[in-house]
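Asker: need coordinates for the below:
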Amino acid sequence: VAVGDAVVTVAVSDADAGDYAVSTFSFVSDDSDGLFAIDAATGEITAAGAIDREIADEYILVVQADDGMFTPSTTVSIAVLDVNDNAPVFNDTLYDVEFPELSPAGSVVVQLAATDADLDENAEIYFHMKTMSAEFELDEDTGEILSLVTFTFDPNDTDSNVYYLELLGIDRGDPSLTSEVEVLINVIDYNDHYPVFDESSYFSPVTEDVGVGDLVIQVVAVDDEDYGSNALISYSVAGGNGTELFQIDSEDGWISVESSLTELEGDYYGLIIVAEDAGTPSLSATATVVLLVTPVNVYTPVFDDTLYSLTVSEDVDVGSVLLTVVATDPDSGVNGVVTYGIEEGGESFSIDADTGEITVAAALDYDAVDVLYLNVSASDGGLVSLTGYASVVVALTDVDDNAPVWDAEVYEAYVDENAAAGVAIVDLNATDADSGANADITYSIVGGEGKDLFIIDSSSGILYSYVSLDYESTSEYELTVAALGSDTSKYSTTTVVVNLNDVNEYYPAFTDEYYSYVVAESAAAGDLVGYVEATDKDGGAAGVIYYMFVGDGADSGFAIDETSGAITVADDGLDRETTSEITLTVIAKNDGAILGYDIDYAQVTISVADANDPPVF
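Answerer: So this is what the prediction gives:
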């Protein structure tokens, strides 16, 4: 209702007449704080302010009528009816929820909640997805967001674990009012993987003279497949007969001495170690640690030789034993137990940690490295391990294990035809990665049409012509040349294309010395008269023939095509009555300057036939 709108009119009756029958109306009591006004003369109550049902849904007014003598009163109850003037309000401005991975499809992710200050249908709320989703659906009545798929958390792409939705809360008023809310769904790691120790059991000596607090051995467990707190590991001692002598750091897994080990030499102590993640519920794994109290580690292992040298063929089989190195340690117990290793140069070799036996671990190649150097170690089993070193030099001998390699897969070579036999055509070259005599290469022509027309120097690879070659017979030869190593089973081939350069050894010659043609005097410019033809035994560019008029032929009224020899009428000016016969001289030449002896001549006689010319007065 708007300010000034009539709400209700209070009426009175008075048996008096005249002035005594006239009443003045007023509020005696008003709990609306001035939201209503009354017309003193008519008793009409109107709205004097903004009325909001959500503040008060009923107002009680006491109205008095005063006729100057009597002041009766009445109570007016005004009920405020609801209109849809409030939009739904969500309980949260942003729903930021965590949803565990591996939850089955159909699980409730979150339930939206909203309220509406209106009444009845105006306060009834349903929900709607503003942004559609292939992963989630919405129950429009309850506000529950349900998963449509089973999610798997990806620790390597955290953005892929986050989903963003926009949803609406809509009341059923007419017209309806709408509110919007954002929902951020974070798929979180489910603690479904147990910690894993890098070893199922651990062993370490510990000398009896270690101090309290000294570190002995570190155990390591990881939970690589979980994420966040589910992957955080803490360590504890769960049992064993060494719990009063040793302790473990809960964060890094280092076991240290808690009590003196004096006079405990030779005793074994065990610990049961638990690695537990921080997930809910937490998952754990156990490992055992055995500790042996030993005497003080005095001596360093010593090899029986500080330098070992040997020579082997590069084709020695992988797995072959090269030699065994030996080191000794006079300490007793684990302090005297020696373990071997390769500190440097171990890419192609391995060593047995217990026996010192060195074997070939990868194929050796003299052509890549002909001498290999190893630095081997011998470490004892003391808590503070002592290590001795020795050098091993392995010299390789070469075997012919590489085929020659050509500088090019295809060689293009050129030689003039008619060149004398024995002319050098091309220098072929191949290389062999082997060494010494194994790198020697022998060249040979092994295939190709016309291979007997060529010879090759077997040592240098220079290819020569065996005979004089003729372009007109064959303009190109394709040869297969082999490069053979000292072991002839190691070879490779290349293709050599020998192109002959055409030499102009023949000159054009007309097929006829004389040509005769007849043309009508009415022939138009461009009309064909006839052809001249010459041949040349050369091939290629040297055999291309060009024709031209010489002497007076250039101004005779005829033209000749320089390549086809076609003679045509040059203009419309033929007149038999003026000239009835024309004799032309044509030459046939090759490209280039005319030397005089390298051309041929032909004579062309053209008779002009009469046409019926009009009379002339």
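
Asker: how much space separates the closest residue to G68 other than its chain neighbours from F70?
Answerer: Excluding the flanking residues, the one nearest G68 by CB to CB, 6 or more residues apart in numbering is Y20, at 6.6 Å. The way it works is simple: take the backbone N, C-alpha and C, and place the C-beta from them, glycine included. Plainly put, Y20 is 9 Å away from F70 if you go by CB to CB, to the nearest Å.

Asker: try V321
Answerer: 134 Å.

Asker: repeat for S459
Answerer: Distance from S459 to F70, by CB to CB: 150 Å.

Asker: with I587 instead?
Answerer: Taking CB to CB, one finds I587 at 152 Å from F70.

Asker: neighbour count for those two, which is higher?
Answerer: I587 (20 against 12; other CB atoms under 10 Å).

Asker: tell me which helix or strand that one sits in.
Answerer: Using DSSP states H and E, the element containing I587 is strand 581-589.

Asker: can you name every helix or strand that that strand contacts?
Answerer: Judged by 3 or more CB pairs under 8 Å, 6 or more residues apart in numbering; DSSP states H and E, strand 581-589 is in contact with strand 509-510, strand 546-550, strand 558-560, strand 600-609.

Asker: for A395, find the nearest of these.
Answerer: Nearest to A395, of all the helices and strands packed on strand 581-589, is strand 546-550, at 73.3 Å by CB to CB.

Asker: OK, contacts around A117?
Answerer: Neighbouring residues of A117 by CB atoms under 8 Å, 6 or more residues apart in numbering: E54, N86, V89, A123.

Asker: need the buried ones from those selected in ChimeraX.
Answerer: To isolate the buried ones among the contacts of A117 in ChimeraX, judged by 16 or more other CB atoms under 10 Å, type:
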select :86,123
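
Asker: between the contacts of A117, which sits nearest V237?
Answerer: Closest to V237, out of all of the contacts of A117 and judged by CB to CB, is V89, at 55.5 Å.

Asker: so who does that closest one touch?
Answerer: So V89 contacts A114, T115, D116, A117, S179 (CB under 8 Å, 6+ apart).

Asker: rewinding a little: and the residue nearest to G68, which of the three is it?
Answerer: Secondary structure, DSSP: H, G, I helix; E, B strand; the rest coil: Y20 is helix.

Asker: neighbours of it, how many?
Answerer: With other CB under 10 Å as criterion, Y20 counts 13.

Asker: check P100 too.
Answerer: 14.

Asker: okay, and the beta partners of it?
Answerer: On the basis of DSSP bridges, P100 is bridged to I188.

Asker: ok, which stretches of the stretch 451-600 of the chain are helices?
Answerer: With helices called from DSSP state H, counting those that start in this stretch, the stretch 451-600 of the chain shows none.

Asker: contact partners for the closest residue to P295 other than its chain neighbours?
Answerer: Nearest residue to P295, sequence neighbours excluded (CB to CB, 6+ apart): E265, at 5.8 Å. With contacts defined as CB under 8 Å, 6+ apart, E265 is in contact with E208, V293, T294, P295.

Asker: what is the nearest of the contacts of A117 to G530?
Answerer: Among the contacts of A117, and counting by CB to CB, the member closest to G530 is V89, at 107.2 Å.

Asker: look up how far V181 lies from that closest one.
Answerer: From V89 to V181 the distance is 10 Å (CB to CB).

Asker: picking up where we left off before, the strand holding I587 - which strands sit beside it in the sheet, and in what orientation?
Answerer: strand 546-550 (antiparallel), strand 600-609 (antiparallel).

Asker: mean pLDDT, distance to Y443 and mean neighbour count added to the ones you listed, as TSV?
Answerer: Below are the strands paired with strand 581-589 laid out as TSV (pLDDT from 0 to 100; distance: least, CB to CB, whole Å; neighbours: other CB atoms under 10 Å):
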stretch	mean pLDDT	distance to Y443	mean neighbour count
strand 546-550	92	45	17
strand 600-609	92	47	17
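
Asker: wait, V83 touches A123, no?
Answerer: No: here V83 lies out of contact with A123, judged by CB atoms under 8 Å, at a distance of 11.8 Å.

Asker: what residues does stretch 169-180 touch?
Answerer: Counting by CB under 8 Å, 6+ apart, residues outside stretch 169-180 touching it are 84, 86-90, 112, 114, 116, 118, 121-128, 130, 166-168, 181.

Asker: can we see that at 7 Å?
Answerer: 84, 86-90, 114, 116, 118, 121-128, 130, 166, 168, 181 (CB atoms under 7 Å, 6 or more residues apart in numbering).

Asker: distance between that stretch and the chain's centre?
Answerer: How far stretch 169-180 lies from its chain's middle: 49 Å, per CA atoms, centre = their mean, to the nearest Å.

Asker: in that stretch, what's buried?
Answerer: Those would be G169, I170, D171, R172, G173, S176, L177, S179, for stretch 169-180 by 16+ other CB under 10 Å.

Asker: average pLDDT for stretch 194-205?
Answerer: Stretch 194-205 comes out with an average pLDDT of 94.

Asker: measure that stretch end to end?
Answerer: Terminal residues of stretch 194-205 are spaced 29 Å apart (CA to CA, to the nearest Å).

Asker: please apply the same query to stretch 560-569.
Answerer: 9 Å.

Asker: dump the residue contacts of the nearest residue to A378 once chain neighbours are set aside.
Answerer: Spatial nearest neighbour of A378, excluding adjacent residues (CB to CB, 6+ apart): A327 at 3.4 Å. Shown in contact with A327 (CB under 7 Å, 6+ apart): P301, V302, F303, V338, A378, G388.

Asker: if we can go back for a sec, from the contacts of V89, which two are the most distant?
Answerer: Going by CB to CB, the pair spanning those furthest: A117 and S179, at 12.2 Å.

Asker: these two touch, right, L148 and P104?
Answerer: No: assessed by CB atoms under 7 Å, L148 is found out of contact with P104, at 10.9 Å.

Asker: have a look at the two and say which one is more surrounded.
Answerer: Between L148 and P104, counted using other CB under 10 Å, L148 has the larger neighbour count: 12 against 8.

Asker: for stretch 89-97, give the mean pLDDT please.
Answerer: 94.

Asker: kindly export that stretch (C-alpha atoms) in PDB.
Answerer: Backbone C-alpha positions of stretch 89-97 (Å, rounded to 0.1, in the frame of the first residue of the first chain) are rendered in PDB as follows:
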ATOM      1  CA  VAL A  89      18.700 -15.100   0.800                       C
ATOM      2  CA  PHE A  90      21.300 -17.900   0.800                       C
ATOM      3  CA  ASN A  91      22.900 -18.900   4.100                       C
ATOM      4  CA  ASP A  92      26.300 -18.400   2.600                       C
ATOM      5  CA  THR A  93      27.500 -15.900   0.100                       C
ATOM      6  CA  LEU A  94      30.000 -18.500  -1.300                       C
ATOM      7  CA  TYR A  95      29.900 -22.200  -0.800                       C
ATOM      8  CA  ASP A  96      33.500 -23.400  -0.700                       C
ATOM      9  CA  VAL A  97      33.300 -27.200  -0.100                       C
END
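
Asker: I am finished for the moment; much appreciated.
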